[in-house]
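J.: Show me the folded form of this:
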Amino acid sequence: MPDLPDWLASKLPQAARHPGLAAASLGDARTLGRGGFALSSPAFAEGDELDPCFTAKEEDAVAPPLEWTAPPPGAQELILIVEDASSDSPEPQVHWLVWGLAGQRGKLLEGEVPPRTGKNAHGNSEWLLPDPPIGETRHYVFQIFATDLPLTLMPGATRNDLIDTLRGNVTGCAVLTAPFTGVEAADELAWDEEESE
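T.: Below you'll find the model as predicted:
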């Protein structure tokens, strides 16, 4: 497996440097953060732990809110890919594929249903709730891409479909990372407390 390129490795914590990340094949040193293009979240800072309310550890969990600055001029559409960089496989586990976002500064609210979504690692089109084993830390890489062409992909497209369509058309990209350590689910904790009473 090839190494992660230096321009991307320098922006990621050691544990999140999976060489198969979408940004490694779609971006480059010129497009990363081009013109100040950046991805952030009002729910967590770069490198902060994800709140359990965005994971399988809470019953009503939803996708986290995300915000991005204006992409490079000429952007037609923005695409979001979230991957588990702790995967052992050649390709990281896909948690979210989103496209159809307007090529301008914008945001997705907490739990908002995006315009178009593709298949996650479980074959459905929702935010795949992070669910690491108790005590295991996994690292999630949120990647946003600006493209100079509007995508013609149908909803339900796969990661490979999306990457093949984007290759050579990315004008800007940005990354945001967040780890999550597996904990007991909230309902399991409540059950344990009831049993001990």
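
J.: Any buried residues in stretch 169-176, and which?
T.: Taking 16 or more other Cβ atoms under 10 Å as the basis for neighbour counts, the residues of stretch 169-176 that come out buried are 170, 171, 172, 173, 174, 175, 176. For every residue, glycine as well, the C-beta is placed using N, CA and C.

J.: Tell me which two in the residues you listed are the farthest apart.
T.: 171 and 176 (18.6 Å; Cβ to Cβ).

J.: Going along the chain, name the strands of the chain.
T.: Under the criterion DSSP state E, the chain contains strands at 39-40, 66-68, 77-84, 93-102, 106-108, 116-117, 137-147, 170-181.

J.: Please name whichever of those is nearest to residue 160.
T.: For the strands of the chain, proximity to residue 160 was assessed by Cβ to Cβ; strand 93-102 is nearest, at 10.0 Å.

J.: Name the nearest residue to residue 150, ignoring sequence neighbours.
T.: Distance criterion Cβ to Cβ, 6 or more residues apart in numbering; nearest residue to residue 150, sequence neighbours excluded, is residue 76 at 4.7 Å.

J.: Burial check on that neighbour, number of neighbours?
T.: A count of neighbours around residue 76, defined by other Cβ atoms under 10 Å, yields 15.
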